[in-house]
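> give me the fold of what follows.
(one chain, ligands or ions: 2)
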Amino acid sequence: MSAEQTLILVKPDGVARGLTGEILRRIEAKGYRITGLRMLTADRELLAAHYEEHQGKPFYEPLVEFMSSGPLVAVRAEGDRVIEGFRSLAGTTDPTGAAPGTIRGDLGRDWGLAVQQNLVHGSDSTLSAERELGLWFS
Ligand code: RTP
Ligand code: MG
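Numbers count the residues shown, from 1 in each chain. Ligands and ions are numbered 1, 2, ... in the order given. I've put the predicted structure just below:
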């Protein structure tokens with residue numbers, strides 16, 4: 001049986017702030033294996049597919065704007081229950097409310113910004129992990 005896989009993104013704020021290493025360190029320290037790594041600047045087409053479920057929402061445009069604003073790092077990570085486990089490492093969407101000890105709680109910012117710059121994305125189900133890994137690691 002192959003281990004579960006998930007798609008993690010270190011968003012442009014994480015790369016710009018020099019937190020890529022710290023975020024990868026937390027993923028590995030937890031015991032997950034990094035099996036794919038890519039740095040790229042995402043175009044609107046890729047982001048439209050990635051954020052399909054959010055199209056039409058008020059934060060969609062600023063989100064795509066932010067996500068295409070600079071390089072990001074796409075990570076394929078593997079491990080037992082890694083999808084749920086990474087969401088837990090990341091903390092809640094809103095960095096102000098995210099628990100200390102989580103990536104967003106310790107390092108994320110959301111004040112004075114058009115959209116939450118919450119450092120990371122993690123797939124939220126096996127179905128979305130499969131879909132998103134296909135987009136970023138085809
Ligand atoms: P992600 O997809 O990035 O792992 O984050 P998530 O599941 O916690 O959040 P989701 O609801 O999927 O939203 C995707 C990203 O959109 C931005 N967002 N801003 N009201 C807002 O300003 C708002 N809501 C969502 C965040 O960057 C969020 O991570
Ligand atoms: Mg999400």
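> the residue nearest in space to the middle of the chain is in what secondary structure piece?
Nearest to the mean C-alpha position of the chain, by C-alpha atoms, centre = their mean, lies residue 121 at 1.7 Å. Using DSSP states H and E, the element containing residue 121 is strand 120-122.
> that strand pairs with which strands?
strand 5-10 (antiparallel) (DSSP bridges).
> ok, the partner strand near ligand 1 or not?
No: Strand 5-10 is not in contact with ligand 1 by C-beta under 6 Å from any ligand atom; minimum separation 7.2 Å. Yep, even glycine has a C-beta here, placed from its N, CA and C like the rest.
> are the helix or strand just after that strand and ligand 1 in contact anywhere?
Later in the chain than strand 5-10, the nearest helix or strand by DSSP H and E is helix 12-16. No: Helix 12-16 lies apart from ligand 1 when judged by C-beta under 6 Å from any ligand atom; the minimum separation is 9.2 Å.
> so which bits of helix 12-16 are buried?
Neighbour-count burial for helix 12-16 flags 12, 13, 14, 15 (criterion: 16 or more other C-beta atoms under 10 Å).
> show me what that helix is packed against.
Contacts defined by 3 or more C-beta pairs under 8 Å, 6 or more residues apart in numbering; DSSP states H and E place helix 12-16 against helix 60-67, strand 72-78.
> which of these sits closest to ligand 1?
Of all these, it is helix 60-67 that lies closest to ligand 1, at 4.6 Å by C-beta to the nearest ligand atom.
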